[in-house]
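Colleague: quick check, what structure comes out for this input:
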Amino acid sequence: LVHPILDADFPAAPEWLNEGIASLFEYPVVPRKGEIHGATNWRLPRLTRAIRSQSERSEATLSRLFQLDDSQFRGASEDLYYALARYFCQWLDGRGQLWAFYRLWRDQHAKDPSGITSFRQVTGKAPGDFDRDFQRWALSL
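Modeller: Below you'll find the model as predicted:
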């Protein structure tokens with residue numbers, strides 16, 4: 001259900017954002033009327049394994065996520081990048097910033113194709129500034 005909505009609303013969205021939001025709702029929770037979030041699911045062990053790995057830790061960062069093009073996302077590390085994108089969306093949703101980021105990036109994609117400027121406008125920092133906090137958060141789930 002999420003894919004057709006995103007394809008119509010933000011057709012230029014990179015694969016990682018499209019799949020990140022879609023996989024966020026693989027295990028939805030509806031705490032109140034009109035509110036939906038994604039709960040921790042089966043993709044977490046792949047992300048935590050990468051964070052704990054010397055050889056993969058740098059691939060499990062927000063810095064890396066924002067650098068991915070669609071072919072890299074779908075490449076040999078697709079399982080890791082799916083988990084990274086999914087948990088990025090859960091992390092940002094937990095901060096109450098997922099949809100503000102999504103809308104801003106969608107609306108200014110032509111001048112911000114990487115999404116970094118939109119992310120910085122919403123969070124106040126660049127993606128890489130959150131790498132350690134994001135990894136610590138993921139390991140705490």
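
Colleague: C-alpha from now on. contacts and neighbour counts both.
Modeller: Noted.

Colleague: run through who's touching stretch 88-105.
Modeller: Stretch 88-105 is contacted by residues 20-21, 24, 37-39, 62, 112, 115, 118-119, 122-123, 134, 137 when judged by C-alpha atoms under 8 Å, 6 or more residues apart in numbering.

Colleague: from the residues you listed, which is closest to residue 8?
Modeller: residue 21 (14.2 Å; C-alpha to C-alpha).

Colleague: for the closest one, grab the count of nearby residues.
Modeller: Residue 21 has 24 neighbours, counted by other C-alpha atoms under 10 Å.

Colleague: what's the answer for the one 5 residues further on, then?
Modeller: One way to gauge burial is a neighbour count; for residue 26, by other C-alpha under 10 Å, it gives 14.

Colleague: repeat that for residue 58.
Modeller: 14.

Colleague: number of residues surrounding the residue nearest to it when sequence neighbours are not counted?
Modeller: Leaving out its chain neighbours, the residue that sits closest to residue 58 by C-alpha to C-alpha, 6 or more residues apart in numbering is residue 64, at 7.3 Å. Number of residues near residue 64 (other C-alpha under 10 Å) recorded here: 15.

Colleague: mind listing what's buried along the particular helix or strand that has residue 101 in it?
Modeller: Per DSSP states H and E, residue 101 falls inside helix 98-107. Within helix 98-107, the residues that qualify as buried are 98, 100, 101, 102, 104, 105, 106, counting by 16 or more other C-alpha atoms under 10 Å.

Colleague: before we move on, back to that, mind checking which of the contacts of stretch 88-105 land in strands?
Modeller: If you go by DSSP state E, the contacts of stretch 88-105 have 37, 38 in strands.
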